[in-house]
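**Q** Quick one: sequence plus predicted model below, questions after.
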Amino acid sequence: MNAQKIINNVPLTGLTADSRQVQPGYLFAAIPGTVADGARFIPDAIKAGARAVLAPPSVTQEDVGPDVALFHDSNPRRRLALLAAEFYAPQPETMVAVTGTNGKTSVADFTRQLWQAMKINAASIGTLGIRYAGSDGGSGLTTPDPVDLHRELGAMKAKGIDHVAMEASSHGLDMYRLDGAKFAAAAFTNLTQDHLDYHGSMEIYRAAKLRLFEELLASGGTAVVNSAAAEFDQISNIAAERKQRVIAYGLTNGQIRCIKMDHRTDGFDLELDVMGERFTVDFPIPGTFQVENALCSLGLLIGCGENPKHAVSHLSQLSGVRGRMERVGRLKNGASIYVDYAHTPDALATVLKALRPHVGNRLHAVFGCGGDRDRGKRPLMGAVAAELADMQILTDDNPRTEDPAAIRADVMPACPDALNIGDRAQAIHQAIAGLEPGDVLVIAGKGHEQGQTVGDKILPFDDADVARAAIADLQGGGG
Ligand SMILES: CC(=O)N[C@H]1[C@@H](OP(=O)(O)OP(=O)(O)OC[C@H]2O[C@@H](n3ccc(=O)[nH]c3=O)[C@H](O)[C@@H]2O)O[C@H](CO)[C@@H](O)[C@@H]1O[C@H](C)C(=O)N[C@@H](C)C(=O)N[C@H](CCC(=O)O)C(=O)O
Ligand SMILES: Nc1ncnc2c1ncn2[C@@H]1O[C@H](COP(=O)(O)OP(=O)(O)OP(=O)(O)O)[C@@H](O)[C@H]1O
Ligand SMILES: N[C@H](CCC[C@H](N)C(=O)O)C(=O)O
Ligand SMILES: [Mg+2]
């Protein structure tokens with residue numbers, strides 16, 4: 001993709017907001033960032049061969065010199081995303097986005113899986129990376145940087161992928177990373193506390209999420225909204241104003257809802273009402289929240305014009321999502337061990353409640369709270385573990401640049417009976433060694449993650465691998 005493209009009468013070979021990535025013929029976007037002011041790096045970018053600079057009006061032609069084109073915009077982040085969309089056009093024709101505090105990865109994954117089951121060439125983009133047939137992820141931001149995003153979308157289109165489901169994180173929405181992407185439908189799962197370190201208040205956090213409906217989903221698009229969310233009316237009003245269709249989904253209410261839900265060991269027998277039609281479904285994944293997420297995916301497919309009966313008929317082919325209430329082992333005494341990505345108070349409550357029906361004896365939780373992230377979550381997560389788990393082990397989860405013991409000290413008062421074991425591998429081993437017949441353990445917070453971030457180092461770490469090793473140590477064989 002190094003071909004030249006004329007944008008605003010300037011022939012460009014590429015775009016970037018990072019001076020270190022500039023190559024000859026590039027546009028450099030000088031973004032006033034959260035840490036640095038990109039304008040400081042204009043000289044570096046020009047030295048590296050930038051042919052154009054996008055910057056706020058405070059940057060003058062004198063600053064860039066006579067040979068460099070200057071694009072002014074008071075919102076250079078948004079403009080960069082729009083320019084990237086233009087540069088890498090065309091994008092896949094049918095794209096959907098999902099926002100919400102919890103459930104985005106699961107909904108994006110289920111949506112991709114359902115399309116694939118229908119023999120549609122589809123991809124998902126989010127916390128698990130970029131996934132489509134032949135590409136199983138990677139790592140990076142949940143919502144990629146706009147240049148990466150639009151480059152990937154252009155590359156997917158060139159590979160014949162016309163259906164994409166992506167996660168819209170609140171950071172991504174607030175930083176205009178998704179602008180220029182055209183969505184046929186957009187979904188809202190829920191809003192509970194997270195990321196207040198970045199947004200500052202729940203109102204500002206909510207406003208970032210609502211941008212998806214107010215500014216990104218076009219008129220004529222479909223808003224798929226959890227009927228149980230407190231934001232349901234607000235989003236419906238936005239949709240009415242913007243002439244978007246609303247599809248409400250939920251476990252009990254909405255145009256897509258459950259009529260009956262019978263628990264099985266590894267899934268549910270469901271009776272659904274979908275757009276006025278009744279269906280019986282063999283749903284192969286445990287956790288009521290995954291039923292809710294799958295209903296959201298159905299809404300997105302139907303919002304894109306899929307026939308409800310056809311879409312519902314593929315629900316029984318879904319597989320669980322990596323690191324989301326994933327059973328990673330079972331002891332000979334019958335105790336089960338799950339790994340889950342709960343790293344918010346609501347997610348932790350949700351997964352503990354979802355596991356309770358599988359518990360014959362005691363429910364154990366190994367959990368921790370991330371460093372350099374919303375500190376307000378810490379006592380709330382501790383209180384949830386104390387209330388909903390019978391046994392709690394508090395441990396480290398990506399302390400980043402904070403003192404791990406100080407993070408645990410923020411949590412402990414809310415769960416005074418918890419064992420406090422900083423070393424995560426030791427915590428997991430000890431939890432597994434303590435499992436009795438009928439017990440269930442959830443190792444929460446890291447899900448699919450492959451590392452423990454301590455300071456600025458990422459040390460290899462995988463909860464599922466550590467759990468399997470602990471099971472093998474304990475009973476001389478896998479689960
Ligand atoms: C707070 C945040 O999200 N920051 C992201 C953002 O940084 P920023 O724009 O504020 O950049 P900055 O560091 O202040 O620098 C300003 C500008 O100077 C440029 N620069 C800097 C140095 C240099 O030598 N030359 C140069 O040009 C930078 O490229 C940037 O354009 O844009 C960067 C480039 O895309 C991201 O790497 C960075 O992600 C940080 C590292 C991050 O960790 N973000 C997380 C919190 C995040 O976004 N998470 C969400 C979701 C989480 C969830 O849902 O749970 C996500 O979508 O992943
Ligand atoms: N619909 C839901 N409601 C409440 N909790 C949920 C829901 N779906 C998932 N969870 C919980 O949240 C965790 C994360 O789920 P998932 O990865 O799908 O969410 P996400 O929104 O993508 O998270 P992130 O913000 O990290 O990208 C799960 O492991 C589970 O504990
Ligand atoms: N996208 C989330 C992931 C958190 C995962 C958890 N393991 C933690 O480190 O808190 C964040 O960056 O806040
Ligand atoms: Mg995610």
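**A** Structure's in. What do you need? Ligands and ions are numbered 1, 2, ... in the order given.

**Q** buried set for stretch 465-479?
**A** Residues of stretch 465-479 classed as buried by neighbour count (16 or more other Cβ atoms under 10 Å): Val466, Ala467, Arg468, Ala469, Ala470, Ile471, Gly479. Any C-beta I mention is one placed from the backbone N, CA and C, and that applies to glycine too.

**Q** Restricted to strands, list those.
**A** The members of the buried residues of stretch 465-479 all map outside strands under DSSP state E.

**Q** and of those residues, the nearest to ligand 3?
**A** Closest approach to ligand 3 among the buried residues of stretch 465-479 (Cβ to the nearest ligand atom): Val466, at 14.3 Å.

**Q** you'd agree the closest one is up against Arg424?
**A** Yes - Val466 is in contact with Arg424 according to Cβ atoms under 8 Å; the separation is 7.4 Å.

**Q** Pull the distance from the lowest-mean-pLDDT helix or strand in the chain to the chain's centre.
**A** Ranked by mean pLDDT, DSSP states H and E, the weakest helix or strand in the chain is strand 135-136, scoring a mean of 88. How far strand 135-136 lies from its chain's middle: 17 Å, per Cα atoms, centre = their mean, to the nearest Å.

**Q** residues in contact with the residue in the stretch 151-300 of the chain that ligand 2 sits nearest to?
**A** Distance from ligand 2 to each residue of the stretch 151-300 of the chain (Cβ to the nearest ligand atom) is smallest for Phe289, at 4.0 Å. Phe289 sits next to Asn102, Gly103, Ser106, Met325, Thr350, Val351, Ala354 when contact means Cβ atoms under 8 Å, 6 or more residues apart in numbering.

**Q** helix, strand or coil for Glu214?
**A** Three-state call for Glu214 (DSSP: H, G, I helix; E, B strand; the rest coil): helix.

**Q** My read is that it contacts Ile238, right?
**A** Yes - Glu214 is within contact range of Ile238, at 5.5 Å (criterion: Cβ under 8 Å).

**Q** And the two? Which one has more around it.
**A** Per other Cβ atoms under 10 Å, whichever of Glu214 and Ile238 has more neighbours is Ile238, with 19 against 14.

**Q** So what's the gap between the strand or helix carrying the more buried one and the chain middle?
**A** For Ile238, the host element (DSSP states H and E) is helix 232-241. Chain-centre distance of helix 232-241: 23 Å, with Cα atoms, centre = their mean.

**Q** just checking, next helix/strand downstream of it?
**A** That would be, after helix 232-241 and using DSSP H and E, strand 245-250.

**Q** got the buried residues for the helix or strand that comes right after that following strand?
**A** Counting by DSSP H and E, the next helix or strand C-terminal to strand 245-250 is strand 256-264. Judged by neighbour count using 16+ other Cβ under 10 Å, the buried positions of strand 256-264 are Ile256, Arg257, Cys258.

**Q** Tabulate these (a markdown table), appending pLDDT and distance to ligand 3.
**A** Listed next are those as a markdown table, based on pLDDT from 0 to 100; distance: Cβ to the nearest ligand atom, whole Å:
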| residue | pLDDT | distance to ligand 3 |
| --- | --- | --- |
| Ile256 | 98 | 28 |
| Arg257 | 98 | 30 |
| Cys258 | 98 | 29 |
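
**Q** Let me know the closest of those residues to Ala52.
**A** The shortest gap between Ala52 and any of the buried residues of strand 256-264 belongs to Ile256, at 46.7 Å (Cβ to Cβ).

**Q** show me the contacts for Val440.
**A** Counting by Cβ under 8 Å, 6+ apart, Val440 has contacts Ala335, Ser336, Ile337, Tyr338, Leu355, His358, Val359, Arg362, Leu363, His364.

**Q** Now the two most distant members of those.
**A** Distance extremes for the contacts of Val440: the farthest pair is Tyr338 and Arg362 at 14.1 Å, using Cβ to Cβ.

**Q** Tell me which of these two has more neighbours.
**A** Tyr338 (25 against 16).

**Q** which residue packs closest to the more buried one, ignoring adjacent ones?
**A** Nearest in space to Tyr338, with sequence neighbours left out and distances taken as Cβ to Cβ, 6 or more residues apart in numbering, is Val442 at 4.7 Å.

**Q** Hmm, that neighbour is touching His364, no?
**A** Yes - using Cβ under 8 Å as the test, Val442 is close enough to His364 to be in contact (7.3 Å).

**Q** While we're on the residue in the chain that ligand 3 sits nearest to, how confident is the model there?
**A** Nearest residue of the chain to ligand 3: Gly370, at 2.2 Å (Cβ to the nearest ligand atom). Note for Gly370: predicted pLDDT of 98.

**Q** List phi and psi for it.
**A** Backbone torsions of Gly370, given as degrees, to the nearest 10, read phi -70, psi 150.

**Q** correct me, but it touches Asp396?
**A** No - with contact defined as Cβ under 8 Å, Gly370 does not reach Asp396; the gap is 9.4 Å.

**Q** list the contacts for Ser19?
**A** Phe28, Gly38, Phe41, Ile42, Asp44, Ala45, Ala48.

**Q** thinking again about what came up before, give me the nearest residue to the residue of the chain closest to ligand 3, chain neighbours excluded.
**A** Spatial nearest neighbour of Gly370, chain neighbours left out: Asn398 (4.7 Å); criterion: Cβ to Cβ, 6+ apart.

**Q** separation between the residue sitting furthest away from the middle of the chain and Ser74?
**A** In the chain, the greatest distance from the average C-alpha position (Cα atoms, centre = their mean) is reached by Pro66, at 43.5 Å. Using Cβ to Cβ, to the nearest Å, Pro66 is found at 24 Å from Ser74.

**Q** on that earlier part again, what's the burial count for the residue nearest to Gly370?
**A** Close neighbours of Asn398, defined as other Cβ under 10 Å, add up to 24.

**Q** pretty sure it is in a helix, no?
**A** No - going by three-state DSSP, the assignment for Asn398 is coil, not a helix.

**Q** In the helix holding Ile238, which residues are buried?
**A** Those would be Phe232, Ile235, Ser236, Ile238, Ala239, for helix 232-241 by 16+ other Cβ under 10 Å.

**Q** okay, these in CSV with distance to Val384 and pLDDT next?
**A** Formatted as CSV, the buried residues of helix 232-241 follow (distance: Cβ to Cβ, whole Å; pLDDT from 0 to 100):
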residue, distance to Val384, pLDDT
Phe232, 24, 98
Ile235, 26, 98
Ser236, 30, 98
Ile238, 31, 98
Ala239, 32, 98
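
**Q** which one of the residues you listed is nearest Ala187?
**A** So of these, ranked by how close each gets to Ala187 (Cβ to Cβ), first place is Ile235, at 10.0 Å.

**Q** mind checking how far the closest one is from Ala208?
**A** The gap separating Ile235 from Ala208 is 14 Å, by Cβ to Cβ.

**Q** for Lys157, same thing?
**A** From Lys157 across to Ala208, the span is 28 Å (Cβ to Cβ).

**Q** For the protein, which residues score under the pLDDT cut-off?
**A** Within the chain, the stretches with pLDDT under 70 are 1-2, 477-479.

**Q** Can you check which helix is longest in it?
**A** helix 288-303 (DSSP state H).

**Q** What helices and strands are in contact with the helix or strand following that one?
**A** Sequence-wise, the next helix or strand downstream of helix 288-303 (DSSP H and E) is helix 308-312. Here helix 308-312 touches strand 267-274, strand 277-283, helix 288-303, going by 3 or more Cβ pairs under 8 Å, 6 or more residues apart in numbering; DSSP states H and E.
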